[in-house]
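Chemist: next input, structure requested:
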Amino acid sequence: RLIGRAGGEPSAPVTVVGRHCEAGDVLAADVRLPSDLRPGDLLTVPVAGAYHLSMASGYNLVGRPPVTAVRDGHARLLVRRESLDDIRRRDVGL
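Modeler: Numbers count the residues shown, from 1 in each chain. This is a model prediction of the structure:
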């Protein structure tokens, strides 16, 4: 689902991909999204399976994801996204 702005019509079937674990991960295949999507638009995915916090790791230096609760159109951050600085702080070196 597109968030942050109203999408135009008509919608079109698309496949949403992104780097969760590997560069070619498919998050949603053949879903209908507004045909005017553009770089920088935000999409929300209601579930992310094993890519969510419970199974997240530092594989490929991809930080652990944030956890956000959404209710009645209002979002509240529960767990912040892990930053590259967070990952670097854990590295004690040689």
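Chemist: now Asp86: phi and psi?
Modeler: phi -60, psi -40 (degrees, to the nearest 10).
Chemist: who touches stretch 67-81?
Modeler: 44, 52-53, 63-66 (C-beta atoms under 8 Å, 6 or more residues apart in numbering). For glycine as for every other residue, the C-beta is placed from the backbone atoms N, C-alpha and C.
Chemist: buried by neighbour count, from those residues: which ones?
Modeler: 64-65 (16 or more other C-beta atoms under 10 Å).
Chemist: not counting its neighbours along the chain, what's nearest Leu27?
Modeler: Distances taken as C-beta to C-beta, 6 or more residues apart in numbering place Val16 nearest to Leu27, at 4.6 Å, with adjacent residues excluded.
Chemist: one step back: ok, so of the contacts of stretch 67-81, who is nearest Asp85?
Modeler: Among the contacts of stretch 67-81, Gly63 lies closest to Asp85 (C-beta to C-beta), at 9.7 Å.
Chemist: the residue nearest to that closest one when sequence neighbours are not counted in helix, strand or coil?
Modeler: Spatially, and ignoring its direct neighbours in sequence, Gly63 is nearest to Glu82 (3.5 Å; C-beta to C-beta, 6+ apart). Following DSSP: H, G, I helix; E, B strand; the rest coil, Glu82 is assigned to coil.
Chemist: what's the separation between Glu82 and Arg90?
Modeler: Distance of Glu82 to Arg90, computed by C-beta to C-beta, to the nearest Å: 10 Å.
Chemist: more neighbours: these two, which one.
Modeler: Higher neighbour count among Glu82 and Arg90: Glu82, with 17 against 8, using other C-beta atoms under 10 Å.
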